[in-house]
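**Student:** Dropping the sequence and predicted coords here.
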Amino acid sequence: MDAEVELLPALPPPGPLLAKALVPSLDRGPARVPTRTVLVTGVAQDRARLADYDRVCGFALRDRVPPTWLHVLTFGLHVHLLSGAGSTIRLAGAVHVTNRMRLHRPVDAGEILDVSVHVENLRPHKRGALLDMVGEVRVADELAWDGVSTYLASGAKVPGTPGAVPRDEFVPTPPIATWRLPGDLGRDYRRVSLDPNPIHTSRVAARAFGFARPIAHGMWTHAKLLAALDPRLPDAYAMEVAFLRPLLLPATVGAWWRPGPDGWRAAVTSPDGARPYLTAMVNQT
């Protein structure tokens with residue numbers, strides 16, 4: 001954790017911060033991001049909201065919380081860090097390209113959490129810059145979960161030569177499940193995640209960003225796939241996903257998962273399995 005820590009009294013609601021983050025930075029120089037860690041201690045989980053989250057994403061209702069729920073708790077801190085004067089990158093205009101998370105041990109809904117986020121690894125990309133939002137959830141000083149959300153900030157300027165971005169080859173695979181996503185899915189996920197980005201709920205906002213219709217939250221797709229895998233996973237594991245293309249709502253998608261020698265591989269695809277929206281890898285820690 002960074003030496004400089006900003007202690008907040010509670011997890012900030014992303015809505016007001018996102019409105020601030022929609023205002024572009026006027027700084028046209030090299031991209032800057034905050035160097036501090038933002039921390040909230042003594043976080044009590046909202047069981048009613050968690051149960052609603054489980055229903056929206058397809059998880060079984062139980063006291064043990066999904067790892068993606070812990071990401072949701074960090075999200076307001078992502079927005080907080082990138083909406084202030086110390087950042088020239090705004091989360092509202094960035095694209096979530098990958099997410100990695102590691103569950104070190106099960107977390108119960110009744111446990112009191114310490115939640116922190118910091119930014120690291122700002123680096124050039126051929127379309128702008130990549131940066132990592134690193135979150136941690138601790139219970140009584142024990143690290144229970146950590147996650148890295150990598151965002152692409154188009155047009156941001158970072159000195160240096162862009163490195164190669166590795167990507168596994170996708171092999172079209174017939175789905176083993178078909179999911180029908182309703183047009184109001186964005187509103188349901190907004191309610192449980194508190195992610196108010198209007199490109200997920202408003203046709204006008206979606207069109208302003210180049211989409212014909214509202215698009216599904218990437219972290220809903222991530223969570224829905226994890227919910228399908230969840231009964232097969234151990235108490236501790238790591239999961240990495242790549243968000244490959246936007247998923248316009250309403251939609252019908254396919255999904256598959258299969259075990260292998262290096263863990264589970266999975267994907268959310270077009271109904272015929274030819275085009276991936278999200279690919280995933282799960283390894284036992």
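**Tutor:** Perfect, thanks for sending it. Numbering: from 1, shown residues only.
**Student:** hey, let's count contacts and neighbours off CA atoms from now on
**Tutor:** Fine.
**Student:** Skip the chain neighbours and tell me the closest residue to Ile199.
**Tutor:** Spatial nearest neighbour of Ile199, chain neighbours left out: Ala206 (4.3 Å); criterion: CA to CA, 6 or more residues apart in numbering.
**Student:** List the buried residues in stretch 93-108.
**Tutor:** Residues of stretch 93-108 classed as buried by neighbour count (16 or more other CA atoms under 10 Å): 93-94, 96-107.
**Student:** same deal with stretch 61-72?
**Tutor:** When neighbours are counted by 16+ other CA under 10 Å, the buried residues of stretch 61-72 are found to be Val65, Pro66, Pro67, Thr68, Trp69, Leu70, His71, Val72.
**Student:** residues contacting the second one?
**Tutor:** Okay, so that is Pro66. Applying CA atoms under 8 Å, 6 or more residues apart in numbering, one finds that Pro66 lies in contact with Phe59.
**Student:** Then the fifth one?
**Tutor:** Taking CA under 8 Å, 6+ apart as the contact definition, Trp69 lies against Leu50, Tyr53.
**Student:** Let me know the secondary structure of it.
**Tutor:** helix (DSSP: H, G, I helix; E, B strand; the rest coil).
**Student:** which residues of this protein fall in helices?
**Tutor:** For the chain, the helices defined by DSSP state H occupy 14-21, 47-57, 67-82, 185-193, 203-208, 218-229.
**Student:** mind listing what Ala144 touches?
**Tutor:** If you count contacts by CA under 8 Å, 6+ apart, Ala144 has them with Leu103, His104, Arg105, Pro106, Val107, Glu136, Val137, Arg138.
**Student:** I meant to write Ala60 there.
**Tutor:** With CA under 8 Å, 6+ apart as the criterion, the residues that contact Ala60 are Asp54, Ala227.
**Student:** State the pLDDT value of it.
**Tutor:** The predicted local distance difference test score for Ala60 is 96.
**Student:** Roughly how far does it sit from Ser193?
**Tutor:** According to CA to CA, to the nearest Å, Ala60 and Ser193 sit 17 Å apart.
**Student:** Kindly report the same for Thr201.
**Tutor:** For Thr201, the distance to Ser193 equals 13 Å [CA to CA].
**Student:** could you dump the helices of the chain to JSON lines with distance to Pro166 and mean pLDDT?
**Tutor:** Below are these laid out as JSON lines (distance: least, CA to CA, whole Å; pLDDT from 0 to 100):
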{"stretch": "helix 14-21", "distance to Pro166": "30", "mean pLDDT": "65"}
{"stretch": "helix 47-57", "distance to Pro166": "29", "mean pLDDT": "98"}
{"stretch": "helix 67-82", "distance to Pro166": "24", "mean pLDDT": "96"}
{"stretch": "helix 185-193", "distance to Pro166": "30", "mean pLDDT": "96"}
{"stretch": "helix 203-208", "distance to Pro166": "29", "mean pLDDT": "91"}
{"stretch": "helix 218-229", "distance to Pro166": "20", "mean pLDDT": "98"}
